[in-house]
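Engineer: give me a 3D structure for the following:
(4 chains)
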2 protein chains.
Amino acid sequence: MLMDRLLANRRDVDLTKQERCQLENAISDVRTLEPRQTVIEAGRHVDVSTLLLQGLMCRFIEDRKGLRQLVSIHVPGEFVDLHAYPMRALDHSVGTLTTVTVADVPHAALKEILDPQPDLARKLWFATLIDAAMHRAWLFRVGRLDAVGRVAHFLCEMNARLEAVGLSDGRRFALPLTQADIAEICGLTTVHTNRVLRQLREAGLCQMHASVVEISDPAGLSHRGDFNSDYLYLYPPEESLSRREPMLSNQH
Amino acid sequence: MLMDRLLANRRDVDLTKQERCQLENAISDVRTLEPRQTVIEAGRHVDVSTLLLQGLMCRFIEDRKGLRQLVSIHVPGEFVDLHAYPMRALDHSVGTLTTVTVADVPHAALKEILDPQPDLARKLWFATLIDAAMHRAWLFRVGRLDAVGRVAHFLCEMNARLEAVGLSDGRRFALPLTQADIAEICGLTTVHTNRVLRQLREAGLCQMHASVVEISDPAGLSHRGDFNSDYLYLYPPEESLSRREPMLSNQH
DNA sequence: ATCACAAATTAACAAAGGTTATGGAGAAAT
DNA sequence: ATTTCTCCATAACCTTTGTTAATTTGTGAT
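Structural biologist: Got it, this is the predicted structure:
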């Protein structure tokens, strides 16, 4: 059902059937949102967390002039802002990239489930920390890699995450982002992102056309982006195979 | 006592006297560590979290060639790796910058305290999320600011955090870091960090000599670094004054 | 089929930051 | 006092990335 993909394929977050069911019952509403909208403004107080069912969402920080730095991107099955439950106010904005379907989980309902179940609380706590782990990897990406490395690293990450939820076969996946989006993720300009994509193509590492990424040389791309998927805390491939759902067409 | 500074001056993490005391009793050991040592290697499993009492520590990710990107820096009063409690294994390394004094808090002891106290668990959960909030700010820093802006942003952050624990008067503070450290934090080379510090000095914004930072123009420096302290979740200055301990000499 | 608009592409040029190398200042060690 | 070592400072040069601007491609709407 709705929750099948929730926190799927994550080491140490093995939700039981019962836990999954309880979380599903905590959903107050399922909504569809338009692409490229800001859903929550930085600084706002929230008492509902958002579970992403379909599409892509992102979180970002803007500078004085409104230039964005994306600080995370979310694929189906992830809680976009579960951290709002203990934090209450957000220090960043949340937006949609594509048309999305989301489920609302009110914090009051979460509290009722979590207070009597310290183990489940610890699992969700862990889930919010994967965010922090990804931030660290993103920090490494923009702090230590050159432009080609950054984009390579990002594409490797998306490949790994989408594969974990059955939305990539390990080489090819739909990624409905513009070059401008990738620029906001990697801390580059759109013009240079374009140059970088050409370089990746000419190097025979990967190509991106019409929102489809095809990685021609996975090992080469990982190497170029100094990528190691440990920070994603995914099940190793063998284990995840048995847990994975059948391939889905795409996320838009 | 030991815990006076723990999570001090943080909005939404108002530990009660009893909670503070319980945490203090969970400490198994207090140790002194040498400067510039790696304390925990990335990937290691840990069952103890570290509370920093004195000195500076950091967490970092290395690239293939061993070049580091610091992903966080810690001042006294902070749990350096509380996130290891729900995560168990770390995706990054932990090291000392100066000589430090730390307290060990075994996870077994934490579990005993937290399981029956969902509110305290939520407070500590929140505390681990401040980390993620800082990572986002660091990501903004390296992704969207130029070299001068990055260093300005970093110095503003340290000023705010040290002020919150009584180690800065709001303009002047001890910061026992080399220019190479600042380079690893800001994603720059040491040579360029040196140029940047000169520019900040010549612009009359701040200067750094013999491990002491003096901010001549706080507003100007904040502006240059597009800095806003919200992400630190500190008490506003008025409130924190009454909670602050007397000024301490320094952290080494 | 045409129009309108967003996205991709490319070029010429400018600026920022990295690289390599060298010298100096200060602190601790002999 | 000399040596050694780390950190700081600076210069010359070069590579990468940003800037500005113009053109093309693709796609959905009418």
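Engineer: name the residue closest to the centre of chain A, please.
Structural biologist: Nearest residue to the geometric centre of chain A (CA atoms, centre = their mean): residue A:74, 2.6 Å.
Engineer: which residues does that residue contact?
Structural biologist: Contact analysis of residue A:74 by CB atoms under 8 Å, 6 or more residues apart in numbering or on different chains lists A:52, A:56, A:57, A:58, A:59, A:80. (C-beta placed from N, C-alpha, C; glycine too.)
Engineer: and the residues you listed, which is closest to chain B?
Structural biologist: Closest to chain B out of these is residue A:59 (7.8 Å), distances taken as CB to the nearest CB.
Engineer: how many residues are close by that closest one?
Structural biologist: 24 (other CB atoms under 10 Å in any protein chain shown).
Engineer: swap in residue A:140?
Structural biologist: Neighbours around residue A:140, by other CB under 10 Å: 28.
Engineer: look up phi and psi at residue A:213.
Structural biologist: Note on residue A:213: backbone dihedrals following degrees, to the nearest 10 are phi -100, psi 130.
Engineer: what comes up buried for the lengthiest helix in chain A?
Structural biologist: Under DSSP state H, the helix in chain A containing the largest number of residues is helix A:118-144. By neighbour count on 16 or more other CB atoms under 10 Å in any protein chain shown, the buried set for helix A:118-144 is A:118, A:120-144.
Engineer: and chain B, which of those residues contact it?
Structural biologist: Filtering the buried residues of helix A:118-144 for proximity to chain B (criterion: CB under 8 Å from any CB of the partner chain) leaves A:118, A:121-123, A:125-126, A:128-129, A:131-133, A:135-140, A:142-144.
Engineer: ok, residue A:198 - how many residues close by?
Structural biologist: When counting by other CB under 10 Å, one arrives at 11 neighbours for residue A:198.
Engineer: which SSE is it in?
Structural biologist: Per DSSP states H and E, residue A:198 falls inside helix A:190-202.
Engineer: mind checking which of the contacts of residue A:74 are in strands?
Structural biologist: Using DSSP state E, A:52, A:57, A:58, A:59 are the members of the contacts of residue A:74 that sit in strands.
Engineer: about what we covered before: OK, contacts around the nearest residue to the residue nearest to the centre of chain A once chain neighbours are set aside?
Structural biologist: Excluding its sequence neighbours, the residue lying closest to residue A:74 (CB to CB, 6 or more residues apart in numbering or on different chains) is residue A:57, at 4.6 Å. Neighbouring residues of residue A:57 by CB under 8 Å, 6+ apart: A:39, A:50, A:73, A:74, A:80, A:94, A:95, A:96, A:97, A:100, A:102.
Engineer: mind checking the SS state of the first one?
Structural biologist: Reduced to three states with DSSP: H, G, I helix; E, B strand; the rest coil, the structure at residue A:39 is strand.
Engineer: got a list of what it touches?
Structural biologist: The neighbourhood of residue A:39, defined by CB under 8 Å, 6+ apart, consists of A:33, A:50, A:57, A:94, A:95, A:96.
Engineer: picking that back up, between the ones in strands among the contacts of residue A:74, which sits nearest DNA strand D?
Structural biologist: Proximity of the ones in strands among the contacts of residue A:74 to DNA strand D (CB to the nearest atom of the strand) peaks at residue A:58, which lies at 18.9 Å.
Engineer: returning to what we had before: show me how to select, in ChimeraX, the buried members of the contacts of residue A:57.
Structural biologist: A single ChimeraX command selects the buried members of the contacts of residue A:57 (16+ other CB under 10 Å):
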select /A:39,50,73,74,80,94,95,96,97,100,102
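Engineer: pull out the buried positions in the next helix or strand along the chain from the longest helix of chain A.
Structural biologist: Counting by DSSP H and E, the element after helix A:118-144 in chain order, helix or strand, is helix A:147-164. Within helix A:147-164, the residues that qualify as buried by neighbour count (16+ other CB under 10 Å) are A:147-164.
Engineer: again with stretch A:197-209
Structural biologist: Neighbour-count burial for stretch A:197-209, counted by 16+ other CB under 10 Å, picks out A:197, A:200, A:205, A:206, A:208.
Engineer: with stretch A:28-36 instead?
Structural biologist: Buried, per 16+ other CB under 10 Å, within stretch A:28-36: residue A:33.
Engineer: got a list of contacts for that stretch?
Structural biologist: For stretch A:28-36, contacts defined as CB under 8 Å, 6+ apart pick out A:2, A:39, A:48, A:53, A:55, A:95-106, A:109.
Engineer: what mean pLDDT would you report for it?
Structural biologist: Averaged across stretch A:28-36, the pLDDT comes to 96.
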